[in-house]
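Asks: The sequence and its predicted three-dimensional model are supplied below.
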Amino acid sequence: MIKADIINEVASRTKLPKADTAVIVDEVFKVIKESLAKGDRLELRNFGVFQVKQRVARVGRNPKTKVEAKIPPRKVPVFKPGREIKINLNVEDK
């Protein structure tokens, strides 16, 4: 599923025009990005948590040449699914 599919699905469920739905979906994504950029934790009940975690510096290795390279510490966004998502995913697998 891509963003256009999300927009189409939300538009069909809410009976809103696709143009308005596209603006809403874009703004939701924008809020999530801005929250993560500030380092905030974004919790959506029954869905999951978006947050930023710090990765430590480490030494990487090019598998082909075996040359080592230092990888600096960095911040990465992570998503932890909520309990409801986990339960629903497990039910559908059976």
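Replies: All right, it came through fine.
Asks: in this protein, what residue sits furthest out from the centroid?
Replies: Relative to the C-alpha centroid of the chain, counting by C-alpha atoms, centre = their mean, Thr65 is the outermost residue, at 33.5 Å.
Asks: Look up phi and psi at it.
Replies: When read as degrees, to the nearest 10, the backbone of Thr65 gives phi -100, psi -10.
Asks: can you give me phi and psi for the residue most central in space within the chain?
Replies: The centroid of the chain falls nearest to Phe79 when counting by C-alpha atoms, centre = their mean (5.6 Å). Backbone torsions of Phe79, given as degrees, to the nearest 10, read phi -130, psi 130.
Asks: what's next to the worst-scoring helix or strand of the chain on mean pLDDT, contact-wise?
Replies: Across the helices and strands of the chain, mean pLDDT, DSSP states H and E gives its lowest value to helix 83-93, namely a mean of 72. Contacts with helix 83-93, where a contact means C-beta atoms under 8 Å, 6 or more residues apart in numbering, come from 46-48, 81. To be clear about C-beta, it is placed using only N, CA and C from the backbone, and glycine gets the same treatment.
Asks: how is the protein carved up into domains?
Replies: 1-38, 42-94 (automatic domain parsing).
Asks: how far does the longest one sit from the chain's center?
Replies: By that I understand domain 42-94. Centroid separation for domain 42-94 versus its chain: 10 Å, with C-alpha atoms, centre = their mean, to the nearest Å.
Asks: what's the answer for the shortest one, then?
Replies: Domain 1-38 has its average C-alpha position 14 Å from the chain's average C-alpha position, going by C-alpha atoms, centre = their mean.
Asks: For it, buried residues please.
Replies: Buried residues in domain 1-38, counted by 16 or more other C-beta atoms under 10 Å: 7, 10-11, 21-22, 25, 32, 35-36.
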